[in-house]
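S.K.: need a 3D model of the sequence below.
(chains A and B)
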Amino acid sequence: MPTFTHGSVSIAVDEDGFMETPEVWNQDVAAALATTEGVTDLGDEHWKLVNYLRNYYLQYGVAPMIRKLCKETGFDLKKVYELFPSGPAKGACKVAGLPKPTGCV
Amino acid sequence: MGHKTEEQLLQIDYAPPKRDWTDPSVDFEARKGTWSYPGKAKNLQYMGFPNPRDWSPTDADWQLPEGWEKIIHDGFKERLEKYRSLKVFMDICVRCGACADKCHFYIGSGDPKNMPVLRAELLRSIYRQDFTTTGKLLGALGGSRKLTPEVLKEWFYYFFQCTECRRCSVFCPYGIDTAEITMLARELLNLVGLNINWVMEPVANCHRTGNHLGIEPHTFKDNIDFLMDELADITGVRCEPSINRKGAEILFVIPSADYFADPGIYTFMGYMLLFKYLDLDITLSAYASEGGNFGLFTSHDTIKKLNYKVYHEAKRLGVKWLIGGECGHMWRVLHQYMNTMNGPVDFLEVPKSPITGTVFDNARSAKIIHICEFTADLIKNGKLKLDPSRNDHRRVTFHDSCNPARAMGLFEEPRYVLKAACNHFFEMPENTIREQTFCCAGGAGLGNDENMEMRLRGGLPRGSAVRYVRDKHGVNTLSCVCAIDRATLSGLCEYWAPEVGVSGVHELLGNALVMPGENERPTDLRGTPIAAREGADHA
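M.R.: Predicted coordinates for the structure are as follows:
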């Protein structure tokens, strides 16, 4: 299992860099994972999105529907891609420490 | 992973390689982009599958369990005895080659081991060596090979490069079902812990929560409530679908992507509008919350285990019969396996439409009908008020999803619905539709991102047919009845036929259905403005 290390952060990740144990997520981990997205400085809008995803995940156990994410954060899809270039699933969810959705998606 | 350009993907070398086909070696490092990540240990452990561990196909040592040769040999023997079809398929092939150029993966890769005949031969060569007298006596001369770790690696590579679509079987003069060969090969691979995570995680999730995505009941309800709020905003009509309602007449089973992912959610909206329109006595289930059955890509035991939720939930809720949504692989299971695996389905009634009185005799044994059968019957009997001009911004073609097409013969009903709901419908060339349909190249668990090169290669024939109708008729919508299609064809079209979007059939029906008490609807369910009615193109 690969290990992702950045600064003081060292976590187990899968082949695509998603956290293997989402429970150990914290803000330092998010900031470290964001660097893999080319985001070196998480601003208020990044945190708004990341915190929304994190809280949703803790309540519902999966990622939200993208339509719901856009509605509840007020960010359209274009804006989400501006914040995290790999998009909502592969970018924002990864930084927020969510597992990768699988199946017919 | 760096995607290859279209020019690079189109440079397909059909000249066979110089080395002998019996050489099993595969360079996984060089072939990144054409294989899938292995099943994670936690998912194997959850299912009680053998040999959970962390590994990668690029490892030299795949950490096979002790006694792996005997495990495979005994597993093969047991299945030859259990499945007469497997023995027949191993013995009967005359290598005529009718299937050779029918596989989308062969067409898109030029790799001869993707010819269905040769892919099957990878298994047959071991069968001959281990289970036939001539094979034992003649050895390599008789086409036998000895089972080695390299052979298992080769099986892993090529049997996870088959989408079990069965197009090749249509052309086989003996009717060899190559999907069954792949299923059995994967079953053997699973005995020693060789499988892929894009299959194993949905399987484990499905076992835990009833659906591939791992959506628990409270999330199921929340997703549906959200979609119904959105639908009310768009149409002015409030739909309130029931969940787990005992005593409903009908249980409705759909793929989980329909209440989670774009563009399936618009198909879900279409279903809900239809049921509201009819005031149908129907319920969803937060337990039987997945049509798809990735057991089909794993083992017969897993198919059976995962399908029980549908069988049990129908019994628990006391429904009379079932409708299945726009899901691909569920149909092979429900149509062909449920009755013998979980059944008999003797506690349900033969489906009878409460609206038209039509009895669906074709579903006399399985007691489940496809929603397109249900809706086509409504339209045929004049029960739906449709305004197809609300789809005038759509120029539509239909992709026959492999399993509904080839495993249940669902050809006419979706077309009948589409032609009633849309003014502009065009067929792709006839050797690419109906029973000859080309796969999306992402079925059978292969629709993951790490396998993207192989998906795009395998998507070449379907993509070319879509591009043909796009250029000839201005087609901008590829309609289909499968959640894997809705996910994978979007990427396929983006690559091979840009500007063509993907939609479900009932999304388009939902656009056209004139609901009592609805708002004026200037947009479709996606919020896209409907083309000016007056100037609509009547090509």
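
S.K.: I'd like the distance between residue B:306 and chain A.
M.R.: Distance of residue B:306 to chain A, computed by Cβ to the nearest Cβ, to the nearest Å: 12 Å. All C-beta atoms are positioned from the backbone trio N, CA, C, and that covers glycine.

S.K.: assumed that residue was part of a helix.
M.R.: Yes - Residue B:306 forms part of a helix when assessed by DSSP: H, G, I helix; E, B strand; the rest coil.

S.K.: toward the C-terminus from the longest helix seen in chain A, list the very next helix or strand.
M.R.: In chain A, assigned by DSSP state H, the helix with the most residues is helix A:44-60. Counting by DSSP states H and E, the element after helix A:44-60 in chain order, helix or strand, is helix A:66-73.

S.K.: and whichever helix or strand comes after that next one, what's buried?
M.R.: Sequence-wise, the next helix or strand downstream of helix A:66-73 (DSSP H and E) is helix A:77-83. If you call a residue buried by 16 or more other Cβ atoms under 10 Å in any protein chain shown, then helix A:77-83 has these buried ones: A:80, A:83.

S.K.: what's helix A:77-83 in contact with?
M.R.: Defining contact as Cβ atoms under 8 Å, 6 or more residues apart in numbering or on different chains, one finds that helix A:77-83 is touched by A:39, A:45-46, A:49, A:66, A:69-70, A:75, A:87-88, A:91-92.

S.K.: quick one: buried residues of stretch B:40-58?
M.R.: Quick answer for stretch B:40-58 (16+ other Cβ under 10 Å): B:40-41, B:43-44, B:46-47, B:49, B:51-52, B:55, B:57.

S.K.: from the contact counts, what lies against the longest helix of chain A?
M.R.: Applying 3 or more Cβ pairs under 8 Å, 6 or more residues apart in numbering or on different chains; DSSP states H and E, one finds that helix A:44-60 contacts helix A:66-73, helix A:77-83, helix A:93-95, helix B:217-235.

S.K.: deepest-packed of those helices, please.
M.R.: Of these, the one with the most neighbours on average (mean count of other Cβ atoms under 10 Å in any protein chain shown) is helix A:93-95, at a mean of 28.

S.K.: is that helix in proximity to chain B?
M.R.: No - legend: contact between helix A:93-95 and chain B by Cβ under 8 Å from any Cβ of the partner chain is lacking; minimum distance shown is 12.5 Å.

S.K.: how about residues contacting that helix?
M.R.: A:16-19, A:30, A:33-34, A:36-37, A:39, A:46, A:50, A:53, A:63, A:84, A:86, A:100.

S.K.: same deal with stretch B:373-382?
M.R.: Applying Cβ under 8 Å, 6+ apart, the set of residues contacting stretch B:373-382 is B:274, B:278, B:323, B:353, B:355-356, B:358, B:360, B:362, B:384, B:386, B:410, B:412-414, B:416-417, B:420, B:506, B:509.

S.K.: out of the residues you listed, which sit inside helices?
M.R.: The helices, defined by DSSP H, take in B:274, B:278, B:412-414, B:416-417, B:420, B:506, B:509 from the contacts of stretch B:373-382.

S.K.: adding neighbour count, write the residues you listed out as JSON lines.
M.R.: Below are the ones in helices among the contacts of stretch B:373-382 laid out as JSON lines (neighbours: other Cβ atoms under 10 Å in any protein chain shown):
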{"residue": "B:274", "neighbour count": "22"}
{"residue": "B:278", "neighbour count": "17"}
{"residue": "B:412", "neighbour count": "12"}
{"residue": "B:413", "neighbour count": "23"}
{"residue": "B:414", "neighbour count": "28"}
{"residue": "B:416", "neighbour count": "17"}
{"residue": "B:417", "neighbour count": "28"}
{"residue": "B:420", "neighbour count": "19"}
{"residue": "B:506", "neighbour count": "29"}
{"residue": "B:509", "neighbour count": "28"}
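
S.K.: just the closest of those residues to chain A, please.
M.R.: Nearest to chain A among those is residue B:506, at 15.9 Å by Cβ to the nearest Cβ.

S.K.: which stretch of helix or strand covers the residue lying closest to that closest one once chain neighbours are set aside?
M.R.: Once flanking residues are discounted, residue B:506 sits nearest to residue B:270: 3.4 Å by Cβ to Cβ, 6 or more residues apart in numbering or on different chains. In this structure, residue B:270 sits in helix B:264-278 according to DSSP H and E.

S.K.: contacting residues for the residue nearest to residue A:105 when sequence neighbours are not counted?
M.R.: Spatial nearest neighbour of residue A:105, chain neighbours left out: residue B:261 (4.5 Å); criterion: Cβ to Cβ, 6+ apart. Residue B:261 is in contact with A:65-66, A:101, A:104-105, B:483, B:486-487, counting by Cβ under 8 Å, 6+ apart.

S.K.: how much space separates residue B:176 from chain A?
M.R.: From residue B:176 to chain A the distance is 28 Å (Cβ to the nearest Cβ).

S.K.: does residue B:219 touch residue A:62 like I think?
M.R.: Yes - using Cβ atoms under 8 Å, residue B:219 makes contact with residue A:62 at a distance of 6.1 Å.

S.K.: pLDDT at the residue in chain A positioned nearest to chain B, what is it?
M.R.: Shortest chain A-to-chain B distance, computed as Cβ to the nearest Cβ: residue-wise this is residue A:103, at 2.8 Å. pLDDT recorded at residue A:103 is 82.

S.K.: residues from the stretch 51-200 of chain B in reach of chain A?
M.R.: Counting by Cβ under 8 Å from any Cβ, the stretch 51-200 of chain B sits next to chain A at B:54, B:56, B:197-198.

S.K.: hmm, try it at 6 Å
M.R.: residue B:54 (Cβ under 6 Å from any Cβ of the partner chain).

S.K.: which one of the residues in the stretch 51-200 of chain B is closest to chain A?
M.R.: Closest point on the stretch 51-200 of chain B to chain A, by Cβ to the nearest Cβ, is residue B:54, at 4.9 Å.

S.K.: angles on the backbone of that residue, please.
M.R.: Dihedral angles of residue B:54 (phi, psi; degrees, to the nearest 10) stand at phi -90, psi 130.

S.K.: quick one, what contacts it?
M.R.: A:1, B:41 (Cβ atoms under 6 Å, 6 or more residues apart in numbering or on different chains).

S.K.: so which of the contacts of helix A:77-83 wins on neighbours?
M.R.: Among these, the one with the most neighbours (other Cβ atoms under 10 Å in any protein chain shown) is residue A:92, at 27 neighbours.

S.K.: can you give me the domain boundaries for chain B?
M.R.: As assigned by automatic domain parsing, chain B contains the domains B:6-30+B:50-194, B:203-512.
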